[in-house]
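Peer 1: Below are the sequence and a predicted model; questions follow.
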Amino acid sequence: VSCGCGKGQAGSMSAPRPFTLGGDEFDQSSYWGRVRKFLTVVDPRTLFPGPLLGMPLDQAQAMLAKQRVSPTAVADDETLWRAQRVVNSTVHPQTEEAIPMPFRMSGFVPFGTPIVVGMLLAQGPAQNAFWQWLNQSHNAAVNYCNGNKGADDSWQDAGLSFAVATTSAVGVSVGMDRVVQQLKAPVARRFVPFVAVASANLLNISMMRRRELEDGIAVVDDAGEAIGRSVVAAKKAITETAISRVVLPIPILVLSPLIMLGFERAFPSLLSRPKIRIPLQASIVTSTFLLGLPLSLALFRDRGVLPTDAIEPQLRAAADARGCETVYFNKGL
């Protein structure tokens with residue numbers, strides 16, 4: 001959490017700002033400004049930034065390190081922003097370590113799409129259970145790698161989160177599958193994955209990050225100096241992340257089945273032609289995934305905001321002593 005003593009950021013969505021090290025290229029007080037930012041964070045090209053963006057990670061880090069100590073710009077604004085995009089999409093902001101490729105937000109779509117397609121094409125309890133288990137395994141790793149690292153966490157916490165989330169997803173999925181079969185509603189069966197994923201995502205987030213609720217998350221001022229730990233900030237961070245994770249599956253697991261249903265009704269032969277149906281399903285899922293991920297992440301700032309009068313008294317006193325009226329925190333993704 002950082003303490004902001006100045007006014008909010010200015011800028012418009014129409015053009016990038018002059019480069020600011022550690023700053024935001026787009027106006028983060030605007031929803032569409034946040035969407036534009038997260039479009040760069042989830043950009044799959046950043047998985048291979050050298051050949052696809054002309055900016056390898058080590059080159060981007062070296063450029064930003066040089067800019068940090070240089071009184072003048074070491075490159076033009078567009079190049080510096082590109083370097084910062086590569087670093088932000090690859091490196092955890094607190095640990096400054098590279099996140100494993102499958103668990104980056106930029107890897108969420110390419111690595112998650114085959115799993116989502118599997119969930120949508122699953123037939124019967126056993127297949128539903130397997131794909132829900134695989135999906136929550138991936139989600140648990142993404143949550144662990146992209147969460148706030150201010151609180152002490154361990155592989156034991158990650159293992160417990162994995163067990164709770166996967167068990168809940170499998171249980172909900174199998175239970176709903178039985179209900180739908182009893183109601184004889186084949187169309188409703190297409191939406192079993194959404195209810196299972198949404199409920200499991202809530203448990204996944206709350207279990208993976210429960211230590212933050214106990215210990216709080218680190219708070220710092222504008223200069224990056226620590227103030228303390230705030231449980232209030234942790235609650236806000238986890239709540240906002242959980243809301244984003246419930247919204248995320250809506251376009252993927254609700255919109256894509258509806259689109260696919262429309263295709264099947266318009267072209268009934270698709271049902272008996274899996275070589276066409278499965279690639280079509282994968283294309284629809286990929287498109288809705290690419291749409292839904294930045295839209296859901298942009299619901300809240302990745303750098304959360306709280307007024308000082310909303311945090312713990314001891315932290316409020318420390319912030320007041322520095323003349324700050326607002327605090328910020330790394331929400332985690």
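Peer 2: Done, it's in.

Peer 1: Spatially nearest residue to residue 251 (excluding sequence neighbours)?
Peer 2: residue 292 (3.7 Å; C-beta to C-beta, 6 or more residues apart in numbering). C-beta coordinates here come from the backbone N, C-alpha and C atoms, glycine included.

Peer 1: name the helices or strands packed onto the helix or strand harbouring the one you found?
Peer 2: Assessed by DSSP states H and E, residue 292 sits inside helix 274-297. Helices and strands touching helix 274-297, by 3 or more C-beta pairs under 8 Å, 6 or more residues apart in numbering; DSSP states H and E, are helix 31-41, helix 108-121, helix 231-247, helix 256-266.

Peer 1: try 10 Å this time
Peer 2: Other helices and strands packing on helix 274-297, by 3 or more C-beta pairs under 10 Å, 6 or more residues apart in numbering; DSSP states H and E, are helix 31-41, helix 108-121, helix 231-247, helix 249, helix 256-266.

Peer 1: of all those, which lies closest to residue 203?
Peer 2: helix 231-247 (9.5 Å; C-beta to C-beta).

Peer 1: buried sites along that closest one?
Peer 2: 231-234, 236-238, 240-242, 244-247 (16 or more other C-beta atoms under 10 Å).

Peer 1: Repeat that for stretch 76-90.
Peer 2: So stretch 76-90, judged by 16+ other C-beta under 10 Å, has buried residues 79-90.

Peer 1: now, which of those residues sits nearest residue 278?
Peer 2: Distances from residue 278 to the buried residues of stretch 76-90, taken by C-beta to C-beta, are shortest for residue 89, at 29.7 Å.

Peer 1: Wasn't that closest one part of a helix?
Peer 2: Yes: counting by DSSP: H, G, I helix; E, B strand; the rest coil, residue 89 is found in a helix.

Peer 1: Report the contact partners of it.
Peer 2: Applying C-beta atoms under 10 Å, 6 or more residues apart in numbering, we find residue 89 in contact with 38, 40-47, 49, 53, 57, 99, 104-107.

Peer 1: I'd say residue 48 and residue 101 touch.
Peer 2: Yes: between residue 48 and residue 101 there is a contact at 9.3 Å, judged by C-beta atoms under 10 Å.
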